[in-house]
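Trainee: When you get a sec, could you give me coordinates for this:
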Amino acid sequence: MAKECQPLARLEIAVTTIPDPADSSIFRRMMPLIWALIALSTALALMHYATGGKVAYTMDSLTYRDAALQFAAGHPMQSSNVSAQAPELRPLLNWPPAYPALWASALGLANGNVDDVPSLLSPALLVLTTLVIFWIGWRSTGNPVVAGVMAAVNAFTPTNMIIFGHAWSETLFMPLVLLAYAALWKYRMSGEKFIWLVAAAVLAGSTNWVRYAGVVFLPLLGFSVLAASNSALGKRILHATGAMLLGAAVALPLWFRNWQLAGNISGSARGGMPKTSRWLEDLAIMVDLFEHSFFAFSMVLRANLEIPILIAAAFVACKAFRRSGVQWLRPPEVWLPLVWLAGYLLFLLYARRIQTTVDLDLRMVGVVFPFLLLAMAPAVSTAFSDRALNTRKILMALLLGLLVYAGLDQAGRVHANYASDGIPRWRSAFGLGFRELRDTSPMSRALKESIGSADASTVILTDYRALYIRYLTGARVYTPDGNDCAQWADAPAGGILLVSGAELPAWAVDCLRGKSQWRLLRPSGKAALTMYVD
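Mentor: Below you'll find the predicted structure:
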């Protein structure tokens with residue numbers, strides 16, 4: 001009889017065994033790693049689905065590519081002179097050198113193929129961006145699930161996808177800015193150890209070597225130390241001043257060089273007369289771009305959901321104020337990301353008053369969109385801290401759901417465009433797309449076919465974008481800045497005058513008059529469309 005009861009006894013023991021608390025502790029310690037990996041996998045999978053591992057080029061990309069080639073050739077901070085035969089190089093001024101330098105340093109990883117480098121850099125920098133967003137969200141909310149969700153949602157935003165879908169300096173600028181903010185947060189969490197503030201200052205100063213707009217993060221860093229520190233006022237002032245001075249010292253060599261060469265710390269006066277109404281136009285465009293980031297450029301979604309979302313947000317805010325006054329706004333986790341977001345956008349409004357020929361797009365405002373998600377993170381964490389169904393939970397779920405839908409819509413459209421035409425057609429504003437200038441795009445192929453055979457010795461004079469034509473053909477391409485053909489008189493036979501306009505420029509008329517060997521070429525079909533529209 002005893003033998004017959006043994007299986008049942010073993011079963012009862014197995015059922016009533018209490019889990020080892022150590023196992024639960026290990027799982028809790030693994031949670032941040034698990035959610036970080038989920039966020040990383042989501043970001044990389046979404047971008048690969050959209051682009052197939054390809055990275056698009058614009059004219060800025062071609063400028064970075066040219067500067068990277070000069071770095072690799074031993075001519076740092078130089079770019080090709082496309083307005084005159086001599087000198088062949090000129091100082092790189094309008095574009096800071098950090099991104100081209102990184103591009104050049106990665107040539108070895110791409111087996112020397114300069115056009116394969118962006119396909120390596122963009123995913124790597126996207127991984128860094130995602131991890132930094134996760135770390136900040138985790139440390140500011142204490143919830144790795146919320147941090148993982150916000151880092152994954154950032155991958156879906158149109159701003160993030162557009163930036164990392166192109167060979168742009170913003171792919172380096174965004175993680176550097178976020179790293180500076182993360183170091184600032186670590187400074188607060190560590191009992192204000194100065195070493196972390198030093199790291200934040202160095203990172204903030206380094207952003208100036210990537211994009212000149214990085215200058216705004218120096219005063220933002222100083223303000224953050226003054227406003228968010230818990231130490232005595234004297235120590236706050238000392239640390240804030242020291243951080244700004246150290247950051248400025250990191251950027252000073254670049255500013256000084258630019259001032260010596262161009263009389264301006266940003267490399268040029270950035271063109272145009274001040275336009276007094278520009279800030280109102282740009283403010284309206286910024287609001288429009290942020291709205292479209294939530295509504296996936298769908299006027300139907302925007303028309304049906306924008307007003308209910310605003311009403312729900314106002315209702316939630318009123319309830320929060322009635323319950324706890326302004327206390328819920330006081331934690332730095334809420335307002336500090338918004339300060340960095342608003343500070344950058346205000347600087348952009350001010351700086352663009354004199355940029356009368358450049359329109360705002362998602363690329364410009366997108367670099368600080370993660371700060372909006374970081375400001376939302378505490379609200380998301382609080383909203384989902386219980387199982388009660390309320391307006392706050394519905395609002396947060398709707399906002400995050402809209403961002404995910406926007407990313408899926410963007411990824412699906414870009415994937416379809418790449419599959420059908422080989423062109424990404426990333427949207428920059430409503431109804432406007434970034435032009436793909438890779439030599440594999442149909443329009444670039446049409447332009448190359450229109451020009452015909454050209455080798456490194458062929459001289460091409462054009463009224464279009466010389467660097468683009470040089471990239472496509474490998475020829476010596478220039479855009480003359482004078483009215484005569486004097487400095488081109490020694491060009492070999494077979495030189496090409498590539499003219500996009502209906503009327504010949506003065507230098508083209510002079511070339512044809514003085515040397516009959518010049519071949520006049522006006523692109524037709526898709527090639528003509530490329531030159532007239534872009």
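
Trainee: In this structure, where is pLDDT below threshold?
Mentor: Low-confidence segments of the chain (pLDDT under 70): 1-24, 270-277, 325-330, 354-357, 430-432, 493-494, 525-534.

Trainee: which residues of the stretch 1-150 of the chain fall in helices?
Mentor: 2-16, 21-51, 59-72, 98-105, 117-141, 144-156 (DSSP state H, counting those that start in this stretch).

Trainee: among those helices, which is nearest Pro523?
Mentor: Closest approach to Pro523 among these is made by helix 59-72 (17.3 Å; Cβ to Cβ). The way it works is simple: take the backbone N, C-alpha and C, and place the C-beta from them, glycine included.

Trainee: List the buried residues for that closest one?
Mentor: Neighbour counts over helix 59-72 (16 or more other Cβ atoms under 10 Å) mark 60-72 as buried.

Trainee: Not counting that helix itself, show me its contacts.
Mentor: 57, 76-80, 89, 92, 95, 97, 99-101, 103-105, 107, 114-115, 117-118, 166-169, 437, 465, 467-468, 471 (Cβ atoms under 8 Å, 6 or more residues apart in numbering).

Trainee: Tell me the buried residues within those.
Mentor: Using 16+ other Cβ under 10 Å, the buried ones in these are 57, 77-80, 92, 95, 97, 99-101, 103-104, 107, 114, 117-118, 166-169, 437, 465, 467-468, 471.

Trainee: Count the residues that sit near Ala269.
Mentor: The local packing of Ala269 (other Cβ atoms under 10 Å) involves 10 other residues.

Trainee: Am I right that it falls within a strand?
Mentor: No: per DSSP: H, G, I helix; E, B strand; the rest coil, Ala269 lies outside any strand segment and is coil.

Trainee: all helices for the stretch 251-400 of the chain, in order.
Mentor: 278-295, 299-324, 332-351, 362-366, 369-383, 391-421.

Trainee: Including mean neighbour count and distance to Ala269, could the ones you listed go into a markdown table?
Mentor: Formatted as a markdown table, these follow (neighbours: other Cβ atoms under 10 Å; distance: least, Cβ to Cβ, whole Å):
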| stretch | mean neighbour count | distance to Ala269 |
| --- | --- | --- |
| helix 278-295 | 17 | 16 |
| helix 299-324 | 13 | 38 |
| helix 332-351 | 18 | 12 |
| helix 362-366 | 22 | 19 |
| helix 369-383 | 22 | 29 |
| helix 391-421 | 18 | 35 |
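
Trainee: Who are the contact partners of the spatially most central residue of the chain?
Mentor: Nearest residue to the geometric centre of the chain (Cα atoms, centre = their mean): Glu170, 3.4 Å. Contact analysis of Glu170 by Cβ under 8 Å, 6+ apart lists 163, 211, 363, 366-367.

Trainee: make it 10 Å
Mentor: Glu170 is in contact with 60, 99, 125, 159, 162-164, 177, 210-211, 213, 363-364, 366-367, counting by Cβ atoms under 10 Å, 6 or more residues apart in numbering.

Trainee: thinking again about what came up before, now, the contacts of helix 59-72 that are in strands?
Mentor: 78-80, 89 (DSSP state E).

Trainee: neighbours of Ala456, just the number please.
Mentor: So Ala456, with other Cβ under 10 Å, has 8 neighbours.

Trainee: so it touches Pro492, yeah?
Mentor: No: the pair Ala456 / Pro492 is not scored as a contact, 11.7 Å apart, by Cβ atoms under 10 Å.

Trainee: Overlap in contacts, those two.
Mentor: Arg476.

Trainee: Please tell me how far Ala50 sits from Ala84.
Mentor: 41 Å (Cβ to Cβ, to the nearest Å).

Trainee: same deal with Ala456?
Mentor: In terms of Cβ to Cβ, Ala456 sits 18 Å off from Ala84.

Trainee: and what of Ile34?
Mentor: 58 Å.

Trainee: just Ala152 next, same as before
Mentor: For Ala152, the distance to Ala84 equals 50 Å [Cβ to Cβ].

Trainee: same deal with Val300?
Mentor: In terms of Cβ to Cβ, Val300 sits 53 Å off from Ala84.

Trainee: for Phe369, same thing?
Mentor: 41 Å.

Trainee: Distance of Arg522 relative to Ala39?
Mentor: For Arg522, the distance to Ala39 - Cβ to Cβ - is 51 Å.

Trainee: more neighbours, these two?
Mentor: Set Arg522 next to Ala39 and count neighbours by other Cβ under 10 Å: Ala39 wins out with 26 against 15.

Trainee: What residue, apart from its backbone neighbours, is nearest that one spatially?
Mentor: Spatial nearest neighbour of Ala39, excluding adjacent residues (Cβ to Cβ, 6 or more residues apart in numbering): Ala151 at 3.8 Å.

Trainee: got it, and Phe71?
Mentor: Spatial nearest neighbour of Phe71, excluding adjacent residues (Cβ to Cβ, 6+ apart): Ala104 at 3.6 Å.

Trainee: got it, and Ala248?
Mentor: Leu218 (6.0 Å).
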